[in-house]
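**Student:** Quick one, fold the following:
(2 chains)
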Number of protein chains: 2
Amino acid sequence: MNTSIILRRLRTFVAGAALVALAGCAGTDTLRGSGDLGLIIERATGSIQIIETTGRTQLATVKGLGDLSHASAVYSRDGRFAYLFGRDGGLTKVDMLKAKIVKRVMQSGNSIGGAISQDGRLIAVSNYKPGGVKVFDAGTLDLVADIPAIDADGNRSKVVGLVDAPGQRFVFSLYDSGEIWMADFSAGGAPALRKFPDIGTLPYDGLITPDGRYYAAGLFGEDGIALLDLWNVDAGVKRILDGYGRGEQPLPVYKMPHLEGWASAGGALFLPAVGRHEILVVEKESWRELGRIPVHGQPVFAVARPDGRQVWVNFAHPRNDVVQVIDTQSRKVIHSMKPGKAILHMEFTPRGEQVFVSIRDADKVDVYDTRTFDRLTTLDARKPSGIFLTARANRIGL
Amino acid sequence: MNTSIILRRLRTFVAGAALVALAGCAGTDTLRGSGDLGLIIERATGSIQIIETTGRTQLATVKGLGDLSHASAVYSRDGRFAYLFGRDGGLTKVDMLKAKIVKRVMQSGNSIGGAISQDGRLIAVSNYKPGGVKVFDAGTLDLVADIPAIDADGNRSKVVGLVDAPGQRFVFSLYDSGEIWMADFSAGGAPALRKFPDIGTLPYDGLITPDGRYYAAGLFGEDGIALLDLWNVDAGVKRILDGYGRGEQPLPVYKMPHLEGWASAGGALFLPAVGRHEILVVEKESWRELGRIPVHGQPVFAVARPDGRQVWVNFAHPRNDVVQVIDTQSRKVIHSMKPGKAILHMEFTPRGEQVFVSIRDADKVDVYDTRTFDRLTTLDARKPSGIFLTARANRIGL
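**Tutor:** Numbers count the residues shown, from 1 in each chain, chains lettered A, B, ... in the order given. Now for the predicted structure:
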């Protein structure tokens, strides 16, 4: 064993010991606010790291969360409990203050995301296998509703793009049958289901605008986006950005973009194009295309800084070692950086002064000052992917 | 002493004992998330009630906060500490989890509001006497900067409309000299001051749009609003809504409206008119008037539900026993209620499903479901005025 390996192991041991000590601090002995907490998904080890964004430190590690590839999380309205959605169908409730698992249920064979209801009482999970949405009591994780995604022809579909909407509703898309469904739990008991068929081919993800009004589903099978105005659902789903160009010069798509990103600067939204090295700029309300911004590769996430002045973009394999920053006023790339290979996610603090960037292959999460682009610190993490801060508890659709 | 008085005193005693017991629960013995906490100002007794919005209960009372008429509060980024700005110039830091005062300083003779910096490290207080802004370390409450509001002619002015803005800035208005000032703390140390004189006569309050881009100061001395684009400060302050009608048929103004309210539904802002029984509807970006909505009286607050679908309005004396709800899509009043005399404030939970309404003369705070308008519960409070939830910690300009 050479010196560098010994030093590395020693470093790992000391870091581990520090985390154990910190886990104690995060427990019942120490009172603390939950507003600046967050978690980092460690996808390879089925663990999460609990962090805080004021001092930018790691507080504890929680293990035993199953397969966390493509995992995501939502938070209870008090910011104390995280609900994690694992690829293996596991739904896990974690106490962020005690740094331990409260309850874990295997709710399906293969899940890809979830949402929490406006009142915080219901947790919805969207599933690939078997395709559908299951809804659980946020307190007990008892099953409250099971919504199989079966279309009029009897075919079962994968469910994608699940979001919460105001009025105790969940909205989601059926990938195989090309439908948007809305489940309304406002009356209590079984949900009222409203189905919008024939929205287009292969919706692959959905977003809800930050005000909770518009649900947009990106289509993989054809050019365009399906749009539902939740204030006027009787008007049905309409098509926007028809033929925006994916068909023109299709590039290989190694990873589906996510539609979580948006910015409303100057009344515009910024969306990753599919199969193109571009960000689409779309006018809100009219939903017409205002322009395109050339970027480094196939964008995966295009996430707005909370003030809407910047959009940070990461990219699909093999160009996934770069982050670019777009100024939304000039609509130009104003900064590029290469922090390491496999940049998987970016999460802003709620008032936007910092951004946390996970760099999977470098086993680290970098934290940047969004004004100066200075790196503020680096946190060690094992194959980090998603980063989720408790501030999401206060947001519609996250 | 008759029976009703005895019963009333007994009720007060039991309520007090319950609060003492609850204060114990909120203390170090019980771990809890801070994301669903809030406080109610009890203006007559110099106290606050700590509440939570999940079960809608009162947790504790904190006393000894001085003169809390026209008081307001901001929160630390972890949601644990409240900073209260009292009319007597007192700045008090309260631990929301332990329900006790951490520190209290008398920072001036007469203050009217404050703000917390984007990074959470600075607390700014705007003062009437002596006019200016003082800035304190959020941890220690030590004075960091003193900014006397003295114009080019050497006259000192009251300061109003103080807000935080992205980039570690504070923006505020000089009531007497008619100026907007921006103090930039991003470099650390002493702030860089930028002054915009001649913005109009008697700015009485200011708002910042939720994205932190536009600062608007309402003018009491003339018709119109002064607007500063913080993304393009070199362009200076411009006048919008010139001659919007206050001069036409001036009505007596018993209470100055607040400009905290806004809604961005359909790209519009909703503002209380001064001296008129109307809400002004203004187009974002262009800032031209789109219309006016007749309401019950002189509006004080016009606050948007977080999804922008509704605007709730309260009114100045003597018509202050009514709350009206405007639907922002139809721009019509869709609901009116008379919960009691002297309705002083309305605060939405961050995802908008509930609203807390303080009714001073009835010694209560009503909580309503914003979808059904059902009253969910009533909390007893002594002469309640402002209501401030910890979710404000995550918002720009609040």
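**Student:** tell me the domain boundaries of chain A?
**Tutor:** A:107-254, A:256-338 (automatic domain parsing).
**Student:** How far away from the center of its chain is the longest one?
**Tutor:** The offset between the C-alpha centroid of domain A:107-254 and the centroid of the whole chain comes to 14 Å, using C-alpha atoms, centre = their mean, to the nearest Å.
**Student:** wait, does it make contact with chain B?
**Tutor:** Yes. Using C-beta under 8 Å from any C-beta of the partner chain, domain A:107-254 reaches chain B at A:118-120, A:166-168, A:186, A:211-213, A:231. C-beta here means a position set from N, CA and C on the backbone, and glycine is covered the same way.
**Student:** Need the mean per-residue confidence for that domain.
**Tutor:** Averaging pLDDT along domain A:107-254 yields 91.
**Student:** hey, where'd the strands end up in the stretch 201-350 of chain A?
**Tutor:** Assigned strands in the stretch 201-350 of chain A, in chain order: A:203-208, A:214-219, A:225-229, A:237-240, A:268-272, A:278-283, A:289-294, A:299-304, A:310-315, A:323-327, A:332-337, A:343-348 (criterion: DSSP state E, counting those that start in this stretch).
**Student:** Just the angle for the last one relative to strand A:332-337, thanks.
**Tutor:** In this case it means strand A:343-348. Compare the direction of strand A:343-348 with that of strand A:332-337 by axes from the mean of the first three to the mean of the last three C-alpha atoms, to 10 degrees and you get 120 degrees.
**Student:** contacting residues around strand A:343-348?
**Tutor:** Here strand A:343-348 makes contact (C-beta atoms under 8 Å, 6 or more residues apart in numbering or on different chains) with A:38, A:301, A:303, A:305-306, A:312, A:314-315, A:320-323, A:354-360, A:370, A:384-389.
**Student:** Repeat that for the fourth one.
**Tutor:** Counting by C-beta under 8 Å, 6+ apart, strand A:237-240 makes contact with A:180, A:196, A:199-200, A:216, A:224-228, A:282, A:287-288, all of which sit outside it.
**Student:** tell me which residues of it are tucked away?
**Tutor:** A:237, A:239-240 (16 or more other C-beta atoms under 10 Å in any protein chain shown).
**Student:** now, among those, which is nearest to chain B?
**Tutor:** Using C-beta to the nearest C-beta, A:Ile240 is the member of the buried residues of strand A:237-240 that sits closest to chain B, with 16.8 Å.
**Student:** thought A:Glu278 was touching A:Pro294?
**Tutor:** Yes. The pair A:Glu278 and A:Pro294 qualifies as a contact (C-beta atoms under 8 Å) at a distance of 5.9 Å.
**Student:** which of these two has more neighbours?
**Tutor:** A count of neighbours by other C-beta atoms under 10 Å in any protein chain shown puts A:Glu278 above the other of A:Glu278 and A:Pro294, at 19 against 10.
**Student:** contacting residues for that one?
**Tutor:** Here A:Glu278 is in contact with A:245, A:292-295, A:299 (C-beta under 8 Å, 6+ apart).
**Student:** before we move on, back to that, any of the contacts of strand A:343-348 buried? List them.
**Tutor:** If you count burial by 16+ other C-beta under 10 Å, the buried members of the contacts of strand A:343-348 come out as A:38, A:301, A:303, A:305-306, A:312, A:314-315, A:320-323, A:354-360, A:370, A:384-389.
**Student:** Of the residues you listed, which belong to helices?
**Tutor:** Nothing among the buried ones among the contacts of strand A:343-348 maps onto helices, per DSSP state H.
**Student:** Check those residues one by one and keep those near chain B.
**Tutor:** A:Pro306.
**Student:** before we move on, the earlier item: now tabulate the residues of domain A:107-254 next to chain B in CSV and tack on distance to B:Ala268 and neighbour count.
**Tutor:** Converted to CSV, the residues of domain A:107-254 next to chain B look like this (distance: C-beta to C-beta, whole Å; neighbours: other C-beta atoms under 10 Å in any protein chain shown):
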residue, distance to B:Ala268, neighbour count
A:Gln118, 23, 27
A:Asp119, 28, 18
A:Gly120, 30, 24
A:Pro166, 18, 25
A:Gly167, 21, 19
A:Gln168, 26, 20
A:Ser186, 26, 17
A:Asp211, 12, 23
A:Gly212, 17, 26
A:Arg213, 13, 22
A:Trp231, 14, 19
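**Student:** Which two among those are spaced furthest apart?
**Tutor:** The distance between the two most remote of the residues of domain A:107-254 next to chain B (C-beta to C-beta) is 22.7 Å, for A:Gly120 and A:Trp231.
**Student:** how about whichever residue of the stretch 201-350 of chain A sits closest to chain B, what does it touch?
**Tutor:** Closest to chain B within the stretch 201-350 of chain A is A:Pro350: 3.6 Å, counting by C-beta to the nearest C-beta. Neighbouring residues of A:Pro350 by C-beta under 8 Å, 6+ apart: A:306, A:389, A:391, A:394, B:393-395.
**Student:** 6 Å instead?
**Tutor:** A:Pro350 makes contacts with A:391, B:394, as judged by C-beta atoms under 6 Å, 6 or more residues apart in numbering or on different chains.
**Student:** Equivalent analysis for the one 3 residues further on, please.
**Tutor:** The neighbourhood of A:Glu353, defined by C-beta under 6 Å, 6+ apart, consists of B:118-119.
**Student:** Check the spacing between A:Phe373 and chain B real quick.
**Tutor:** 14 Å (C-beta to the nearest C-beta, to the nearest Å).
**Student:** Bridge partners for the residue lying closest to that residue once chain neighbours are set aside, pull those for me.
**Tutor:** Sequence neighbours aside, A:His335 is the residue nearest to A:Phe373 in space, at 5.5 Å (criterion: C-beta to C-beta, 6 or more residues apart in numbering or on different chains). Following DSSP bridges, A:His335 is listed with bridge partners A:Val325.
**Student:** now A:Met106
**Tutor:** For A:Met106, the beta-bridge partners are A:Gly90 (DSSP bridges).
**Student:** Report how many residues lie close to it.
**Tutor:** The burial count assigned to A:Met106 is 13, neighbours taken as other C-beta under 10 Å.
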